[in-house]
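# let me see the structure of the following:
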Amino acid sequence: MTALSRSARWAALEAVWCEAATASTRYPLGSVAWQTFGSCGARTDLPWTAEPQDIGPWDAESMRGLCTACPVLADCTIYADTSGVSAGWWAGTNRDPAYIEPARPSWVKAPGASDGQPAWQGVLPLGGAA
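Residues are numbered from 1 along each chain as shown. Next up, the predicted model:
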């Protein structure tokens, strides 16, 4: 397999966008070519399509943060809303109706930190009575 030159990659990308523009007139939900630019594509280590009970607070926080800075967040939100997505993580939220948002992690001063040189550490809520 040979690597494509920069101009060949741009030509291929242009072909995808032209096809997407044509496809958007054929399909009522529109094109999903924008997904190729999503931040989530590079982070396959996160549970984007996991069952709701398998998503921990740190994973939820990581996915929410990644979505916040995503260049196609608006497209993702529109797609999820118009297509009635009811599973998986889309546009910064889990779209599964059975999903219960885990308690968000917080930051506290680390033991032994002085006021002059504070150090912070993440703390997960342990559940139970508050």
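
# tell me where the model's unsure across this protein.
Regions of the chain meeting the criterion pLDDT under 70 cover residues 1-4, 16-31, 104-130.

# what about the helices in it?
Along the chain, counting by DSSP state H, helices occupy 6-26, 57-68, 73-83.

# which of those helices sits closest to Ala33?
With CB to CB, the closest approach to Ala33 among the helices of the chain belongs to helix 6-26: 3.5 Å. (Each C-beta comes from the backbone N, C-alpha and C, glycine too.)

# tally of neighbours for Pro97?
8 (other CB atoms under 10 Å).

# and for Arg95?
Here the count is done by other CB under 10 Å, and Arg95 has 15 residues near it.

# how is the protein partitioned into domains?
The chain resolves into domains spanning 1-31, 32-107 when parsed by automatic domain parsing.

# which one of those is the most hemmed in?
Comparing the domains of the chain on average neighbours per residue, with mean count of other CB atoms under 10 Å, the densest one is domain 32-107 at a mean of 15.

# settle this for me: Ser39 is touching Leu66, isn't it.
Yes. Under the contact definition of CB atoms under 8 Å, Ser39 touches Leu66, with a separation of 5.0 Å.
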